[in-house]
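S.K.: here are the coordinates; sequence isn't available:
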C-alpha cells in the first residue's frame, strides 16, 4: 500500500485496490500534514461488495477449522513482523503516541492469536432424543454456523485493534466481512485487509470500503442480506442505527464516562494517582473507558487530588512520534474546541479547574476539575478528551450511587481492600465490568467487553463475539434402518 504524502490509495474490493473515484484527504492530527488520499467507495461499490460476500458465504462456512486457525495465526505473525509499519500508520493517522501505537499492535496480535484458538474450539454438542417410547435410535447434534455477511463499522481511536475485534471473530466463525473504517484512519484498516487476504482468506469475503455515512447507513439499515452489524462509536449514532436495522443482529460498543472509586483503606496512593492520571490523559483521553470520574473518600481526597495533579503536570505532551510523548493531540481541532467549551461551561456553573485545560490547536493540557455536579456536560456526557473529575464522598454506598448516576455503564474501577465493599460494588454497580485493584481503563482483549444502558448491546472479546456471529443449528437423526 502506497503511503507517500499526496499519493492516492484505493479501497479494497475482491482483492483489488480501486483507485478511480472521489478522494478523501487524511491529515495528521498533530500538524495537519497530508498523510495521504484514499478513494471514497460509492453505494454501487458497497452493493458489489455485498454481492461477493453473499456468494462467498458457502465457501467461508465450509472452510475447515484448521484453515481458519492457520489464516488467523498467519495474520498474527505478519503483524509481529510488520509491527513498526503498523505503529507508524497509527501515529500518522490517529495521532496516537508511538509507544501506545506499538502496544496497540501487540494487542491486535493477541486478538488474532486468541481467535485462532477459538476457531478450533467452535464445536457443538450431542443431544439424546430417545427419551420417549417410539424414538429409539434417534439422536441430535447442535453445531454453530456463521450467521452470514457482517458489516463492521469501526472508530478512529484504535484503528487496528478494534478492527481486529470485529474481523478476527468473523473469520473464526466463517462469516464474510464488509469493513467500514473511520474516515480519519482508513490506511491502517486497508493495510490489515491486505495482510488478511495474503494469509489466505477468500478475496471475495473481505472488503474494506471508505464509505460516506449515508451509504454506510443504507447498507446497515436497508440491505437485508447483511445479517449482523457490529458498530463501535457514539451512542447517538449506534442507537439510531439499531432502530432502523430491522431483523439484523446489531452489536453496539458505545460510549462511557468511566468512574473510579478510591476508598481510604487503599494504601498506595502514589501508584493509584499515577494509574489514574495515565488512565485519564493517555492518548488525550480518547478512549471509551478513559478514566473520567473519580470519587475519593473525603479523608484522603485532598492528598489524592494533588498527587494526581503532580503526575499529570509531569506527563510528556506533544508530538506523537516522539518516544517520550504520553499525551498527544485530539483527532481534530474541532474536538479540542468542543472540550474547551465544555470546560468553560463547567467553570461558569461553579466547577473548579484545579489544573490544565489550556488549548493550542488540537492540543489540550490535562485538565482536572472538582466541585462538578449533575447537569454539567463534563459529568453527564462522555468527554472523550483529556479531562478528569475528582470528587469527595463520605459514604461508600453513596459513592456507588454517584457512579450509577449516569446514562452510561461500560466499566468502573474500585480501589479498596475490603471484600465486603468489593462484593457490594460488584452487585450494585450498573456496568459491564468492574475492575478491582486498578482503574477502569484496564482491558485484556480476550475478556468479554461491553456495557449496559447507553454504553451498548452485546459483548466483544473474541469468544463472545463469535457466539454473536454464529447461530445454533439442530440436526436430528433417526435410525436409517
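M.R.: Right, received. Where do you want to start? Owing to the predicted nature of the structure, the values given are computational and were not obtained by experimental measurement.
S.K.: Against residue 61, how distant is the most centrally placed residue in the chain?
M.R.: The chain has residue 162 as the residue nearest its centroid, 4.7 Å off, counting by CA atoms, centre = their mean. Applying CB to CB, to the nearest Å, the value for residue 162 to residue 61 is 25 Å. The C-beta positions use only the backbone N, C-alpha and C, and glycine is treated the same way.
S.K.: Hmm, residue 118 is touching residue 461, no?
M.R.: No: contact criterion CB atoms under 8 Å: residue 118 and residue 461 do not qualify, at 10.1 Å.
S.K.: So for those two, which residue has more residues nearby?
M.R.: Neighbours were counted for residue 118 and for residue 461 using other CB atoms under 10 Å; residue 118 has more, 24 against 21.
S.K.: chain center to stretch 151-169: distance?
M.R.: 7 Å (CA atoms, centre = their mean, to the nearest Å).
S.K.: for stretch 437-449, same thing?
M.R.: 12 Å.
S.K.: Give me the below-cutoff pLDDT ranges for the chain.
M.R.: 1-6, 481 (pLDDT under 70).
S.K.: and it, what are its domains?
M.R.: Per automatic domain parsing, the domain ranges recorded for the chain read 8-254+456-475, 259-444.
S.K.: what's the span of the last one from first residue to last?
M.R.: When you say that, I think you mean domain 259-444. 18 Å (CA to CA, to the nearest Å).
S.K.: Over to stretch 153-171?
M.R.: 16 Å.
S.K.: Can you list the helices and strands that the lengthiest helix in the chain packs against?
M.R.: The longest helix of the chain (DSSP state H) is helix 98-119. For helix 98-119, the elements it packs on are helix 65-81, helix 83-94, helix 161-173, helix 462-468, judged by 3 or more CB pairs under 8 Å, 6 or more residues apart in numbering; DSSP states H and E.
S.K.: chain center to it: distance?
M.R.: 13 Å.
S.K.: which other helices and strands contact the next helix or strand after that helix?
M.R.: Using DSSP states H and E, the helix or strand that follows helix 98-119 in sequence is strand 124-128. Packed against strand 124-128 by the contact rule (3+ CB pairs under 8 Å, 6+ apart) you find strand 139-146.
S.K.: now what about the helix or strand just after the strand it packs on, what contacts it?
M.R.: Per DSSP H and E, strand 139-146 leads on to strand 150-153 as the next helix or strand towards the C-terminus. Strand 150-153 is touched from outside by 163, 166-167, 170, 175-180, 216, 219-220, 226-233, 469, with contacts defined as CB atoms under 8 Å, 6 or more residues apart in numbering.
S.K.: Go again with 6 Å.
M.R.: 166, 170, 175, 177-180, 219-220, 226, 228-231 (CB atoms under 6 Å, 6 or more residues apart in numbering).
S.K.: and if you look at stretch 45-54?
M.R.: 13, 14, 149, 176, 178, 204, 207, 209, 215, 219, 225.
S.K.: separation between the second one and residue 396?
M.R.: The one in question is residue 14. From residue 14 over to residue 396 (counting by CB to CB), the distance is 58 Å.
S.K.: Neighbour count for these two, which is higher?
M.R.: Taking other CB under 10 Å, residue 14 and residue 396 do not tie; residue 396 has more neighbours (20 against 17).
S.K.: quick one, what contacts the more buried one?
M.R.: With contact set as CB under 6 Å, 6+ apart, residue 396 has these partners: residue 421.
S.K.: do the same with residue 176
M.R.: 53, 56, 57, 60, 149, 205.
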